[in-house]
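Asks: Sequence first, then the predicted structure:
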Amino acid sequence: MTNTTVAQRVSVIGLGAMGTALAKALLAGGHEVTVWNRTPARAEALAADGAQVAASSAEAMAAADLVILCVLDDAAVREHLEPAAAQVRGKVVVNLTTTSPEQARALGRWAAAQQVELIDGGIMAVPEMIGGPAAFVLYSGASAGFERFRAVLELFGRAEFVGADLGAAAMYDVSILGGMYAMFAAFRQGGAMVRSTGGSAARLAALMGPFLQAMASLLEGYAPGIDNPADYVQQQSDEFTAAAIDLIDKSAAESGNPTQLYTVLRDGLTGL
Ligand SMILES: NC(=O)c1ccc[n+]([C@@H]2O[C@H](COP(=O)([O-])OP(=O)(O)OC[C@H]3O[C@@H](n4cnc5c(N)ncnc54)[C@H](OP(=O)(O)O)[C@@H]3O)[C@@H](O)[C@H]2O)c1
């Protein structure tokens, strides 16, 4: 029997949209799943699918070798994990709750004092994508614990271990989300701008989507110059970039739209 087919005892604490999707993937993968949610009704459907429902978060943690937390925020994680130190001692805990890098490191200091192998995770998917081909999850922290349960974690999506620093997964996570939000902000404003000329956001989406995909393929080429500034090869001069952004800024103003977004981009991309 290979490691991928060994049924593990796994707990999921938090059955919101994401926690429920994670628990379903674990059940589908044949694992022994114990769940707990603050509002018990959210566990009912999973119980029907074969999950054990614990009466408390500590009871759920005691029932598993691998403990997964997916609650609202860092405060909710600490509220349930800290009183359950005895239940998680010697175990692997994976926190898939979105937190900041420093919150992850601070929880790591607590975990180290309790002999808990802590892994922090950043889920790069919405609940409907969990277990599908496009989902991936970033992990950092306890690498031995990650390797031990890699086959279980792969059930959620591709498992990417990004470093021993517990803050690493969260830092990659927010950096990727920063790119996403910049794209959505520019699209939202662009939609308003093209509408001022009788165009539509729908037409813009059809034109902008493929262009941005082509631009995204250039990111890897920029990386060496960011990783090592001595290798930096400027693709466009600051003057060129500033002039291009100033033109967007001017066009936004002409169409009666705000210009702050482009001011920030100009500052971020050029030294001018
Ligand atoms: N949804 C996504 O697309 C997505 C993607 C990536 C990462 N995430 C992350 O996954 C985590 C959960 O997200 P979600 O989408 O499942 O959110 P959600 O549907 O709003 O669920 C929030 C969960 O947190 C629980 N909770 C809140 N405060 C709590 C407390 N003090 N003690 C115990 N439980 C508490 C809620 O319990 P009740 O049911 O009792 O309210 C519920 O189970 C978040 O950190 C989120 O950033 C979500």
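Replies: Sure, I can see it. Numbers count the residues shown, from 1 in each chain.

Asks: pLDDT weak spots in the chain?
Replies: 1-5, 272 (pLDDT under 70).

Asks: Longest strand in it, please.
Replies: strand 117-124 (DSSP state E).

Asks: Pairing partners for that one, with directions?
Replies: Partner strands and pairing direction for strand 117-124 (DSSP bridges) are strand 92-95 (parallel), strand 136-141 (antiparallel).

Asks: could I get the ones you listed as JSON lines with mean neighbour count and distance to residue 150?
Replies: Placement of C-beta: from N, CA and C, glycine included. Conversion of the strands paired with strand 117-124 to JSON lines gives the following (neighbours: other Cβ atoms under 10 Å; distance: least, Cβ to Cβ, whole Å):
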{"stretch": "strand 92-95", "mean neighbour count": "27", "distance to residue 150": "11"}
{"stretch": "strand 136-141", "mean neighbour count": "24", "distance to residue 150": "9"}
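
Asks: how about a markdown table for those, with distance to the ligand added?
Replies: Listed next are those as a markdown table, based on distance: least, Cβ to the nearest ligand atom, whole Å:
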| stretch | distance to the ligand |
| --- | --- |
| strand 92-95 | 9 |
| strand 136-141 | 9 |
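
Asks: can I get those in a markdown table with distance to residue 181?
Replies: Below are the strands paired with strand 117-124 laid out as a markdown table (distance: least, Cβ to Cβ, whole Å):
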| stretch | distance to residue 181 |
| --- | --- |
| strand 92-95 | 23 |
| strand 136-141 | 17 |
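
Asks: Tell me which of these lies nearest to residue 191.
Replies: In terms of Cβ to Cβ, the element of the strands paired with strand 117-124 nearest to residue 191 is strand 136-141, at 28.7 Å.

Asks: Check the gap between the closest residue to the ligand within the chain and residue 241 for me.
Replies: At 1.8 Å from the ligand, residue 16 is the closest residue in the chain, using Cβ to the nearest ligand atom. Computed as Cβ to Cβ, to the nearest Å, the residue 16 to residue 241 distance reads 42 Å.

Asks: How about residue 87?
Replies: 54 Å.

Asks: Residue 27 too?
Replies: With distances defined as Cβ to Cβ, the gap from residue 27 to residue 241 amounts to 51 Å.

Asks: Check residue 222 too.
Replies: Following Cβ to Cβ, the distance that separates residue 222 from residue 241 is 13 Å.
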